[in-house]
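>>> just a sequence and a predicted model for now, questions to come.
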Amino acid sequence: MGQAIVILGGGTGGVVAANVLRQLVPPAHTITVIDRRENHQFQASFPLVLIGHRRAEDVVRPLSALREKGIEFVQAEITGVDLQTRQVHTNVGTLAYDYLIISLGAERHPQSVPGFKEAVFDAHSLRHLQQLAAELPRFHRGRIVLFISHLPFSGTVGPYEMVLLLSDFFHRQKRRHVQLTLVTPEPYLLSAAGPRLGPRFQDLCLQQGIRVVTQARVLYLDHRTGHLVLDGGIYIPGDMFIGVPSHRGPTILRKTILSQDGGWLKAHPYTLATAVPKVFAIGDAVGIRLPVTGAWLPKAGVFAHYQAEVVARNIALELAGKPPRFRFTGKAVGASLITSLGRAMPLSIRAYQPTGPRLSLLPPLRLGYAAKVAFEQYWLNRWF
Ligand SMILES: Cc1cc2nc3c(=O)[nH]c(=O)nc-3n(C[C@H](O)[C@H](O)[C@H](O)COP(=O)(O)OP(=O)(O)OC[C@H]3O[C@@H](n4cnc5c(N)ncnc54)[C@H](O)[C@@H]3O)c2cc1C
């Protein structure tokens, strides 16, 4: 008899899981993706939207396009999951499942920094990035402050790409009277890269003239005086504020057995299985502690992608009566960090090394940028 596979979230993990499953399992098994949004958003291109190098419509794809591949798509707000009766509740009805893949991403909570909602451009909102792209050409002098509200945050390289692209943008326009400041709670920039590479990357930002404030606990934005207020009585003045909002695990699962500290979901680091049989959790919504450092696995699309492949392939094996054998190894290759329009630092990571996570970061290269753009095009065409 056909099984119902339901996927919560049509972001990176959800879209990969749905496509891979559809290729592998017979049509008798149904695959349904549920998302509140009409469109999938390719967030890795958001920094290019910020500087007007991509339009919003260039980096989204309609989730309804999945239907042409034999994948059901339901546009709805997911309001809860009943793990006992195996049902997903939404604002348009209830769906029963046999297998459940949760890929709900990291939930944004900008309001955790008072003043954010009133006067900060949200670095993770496509609408705000479009507004910024329209405003930047008119910004001739003043101080732009980009801040990370809280750790962990989604998009491991996102804020650094944004600040470096802004620096490049103003440099090209010869606007020397624009001052950029990056504020982060991390001990050094790109802390996911570790104490050897992170400070080296920070030097690169300082050489670009970017001011860096680390170990910052952001308290609130005083939008009347134009100051970002940090713990310890530190005031960062600004004329424009761009913020990476606080992130948390999915609220709708907070009171379930699936949730752990910070609301992040608990899943097996190699199989992404949860404590409940036939329920898997992947991507940014999951909290996986790394060996030695105890840091969270960075919340990156490459990981959501690989985890989705593992879960989809193992479910397909199980449905074919075979034992699951695929494992997520914490490795990611082929990623890169854009440093300017035309250059990016290729990076790879082995997060699960028993001696602690290992990351390699090459200098800014044209090839790195070309690889990033090629991946963007692959992504937007491959899954839709
Ligand atoms: C600016 C930026 C730059 C980035 N750059 C990179 C990069 O260069 N490389 C990289 O690897 N990663 C990058 N990332 C990170 C990457 O985008 C995420 O790690 C990845 O998208 C996580 O995938 P996911 O499936 O877990 O969640 P998401 O892709 O966030 O998808 C979650 C989906 O669930 C839906 N959803 C959530 N709750 C509900 C609900 N209650 N009801 C209905 N729908 C719901 C959302 O609408 C969303 O579509 C970047 C992120 C940002 C923000």
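In hand now; what should we look at? Residues are numbered from 1 along each chain as shown.

>>> tell me which parts of this protein are close to the ligand?
Proximity of the chain to the ligand, by CB under 6 Å from any ligand atom, involves residues 9-14, 35-37, 43-44, 46-47, 77-78, 103-105, 124, 154-155, 157-158, 250, 252, 283-285, 299-302, 304, 335. From N, CA and C alone the C-beta is placed, and that goes for glycine too.

>>> now the helices for the stretch 1-150 of the chain?
With DSSP state H, counting those that start in this stretch, the ranges of helices along the stretch 1-150 of the chain come out as 12-24, 46-50, 116-119, 126-135.

>>> packing partners of the last one?
Contact analysis of helix 126-135 by 3 or more CB pairs under 8 Å, 6 or more residues apart in numbering; DSSP states H and E lists helix 46-50, strand 121-122 as its packing neighbours.

>>> of all the ones you listed, which one comes closest to residue 313?
helix 46-50 (29.2 Å; CB to CB).

>>> any stretches of the stretch 101-250 of the chain with poor pLDDT?
Of all residues in the stretch 101-250 of the chain, none has pLDDT under 70.

>>> now do the strands in it.
For the stretch 101-250 of the chain, applying DSSP state E, counting those that start in this stretch gives strands covering 107-109, 121-122, 142-148, 178-183, 211-213, 218-222, 227-230, 234-237, 240-244, 246-248.

>>> including mean neighbour count, could those go into TSV?
Below are those laid out as TSV (neighbours: other CB atoms under 10 Å):
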stretch	mean neighbour count
strand 107-109	17
strand 121-122	19
strand 142-148	22
strand 178-183	22
strand 211-213	16
strand 218-222	19
strand 227-230	20
strand 234-237	15
strand 240-244	23
strand 246-248	21
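
>>> residues in contact with the lengthiest strand in the chain?
Ranked by residue count under DSSP state E, the longest strand found in the chain is strand 331-340. The contact list for strand 331-340, computed with CB atoms under 8 Å, 6 or more residues apart in numbering, reads 47-48, 157, 160-161, 164-165, 167-168, 190, 204, 300, 302-303, 306, 344-352, 361, 364, 368-369, 371-372, 375.

>>> distance check, residue 202 against residue 191.
10 Å (CB to CB, to the nearest Å).

>>> whoops, residue 2 was the one
Going from residue 2 to residue 191 by CB to CB gives 46 Å.

>>> skipping adjacent residues, who's closest to whichever residue of the stretch 1-150 of the chain sits closest to the ligand in space?
Nearest residue of the stretch 1-150 of the chain to the ligand (CB to the nearest ligand atom) works out as residue 11 at 1.8 Å. Closest residue to residue 11 apart from its sequence neighbours, by CB to CB, 6 or more residues apart in numbering: residue 105 at 5.1 Å.

>>> contacting residues for the residue nearest to residue 229 when sequence neighbours are not counted?
Ranked by CB to CB, 6+ apart and with sequence neighbours excluded, the top spatial neighbour of residue 229 is residue 219, at 4.8 Å. Listed by CB under 8 Å, 6+ apart, the contact set of residue 219 reads 113-114, 229-231.

>>> what comes up buried for stretch 26-42?
For stretch 26-42, burial by neighbour count (16 or more other CB atoms under 10 Å) applies to 29-35, 39-42.

>>> same list (those residues) but as CSV, adding pLDDT and distance to residue 134.
As requested, the buried residues of stretch 26-42 are exported to CSV (pLDDT from 0 to 100; distance: CB to CB, whole Å):
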residue, pLDDT, distance to residue 134
29, 98, 46
30, 98, 43
31, 98, 39
32, 98, 37
33, 98, 32
34, 99, 33
35, 98, 27
39, 98, 20
40, 98, 24
41, 98, 19
42, 98, 21
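
>>> I am finished for the moment; much appreciated.
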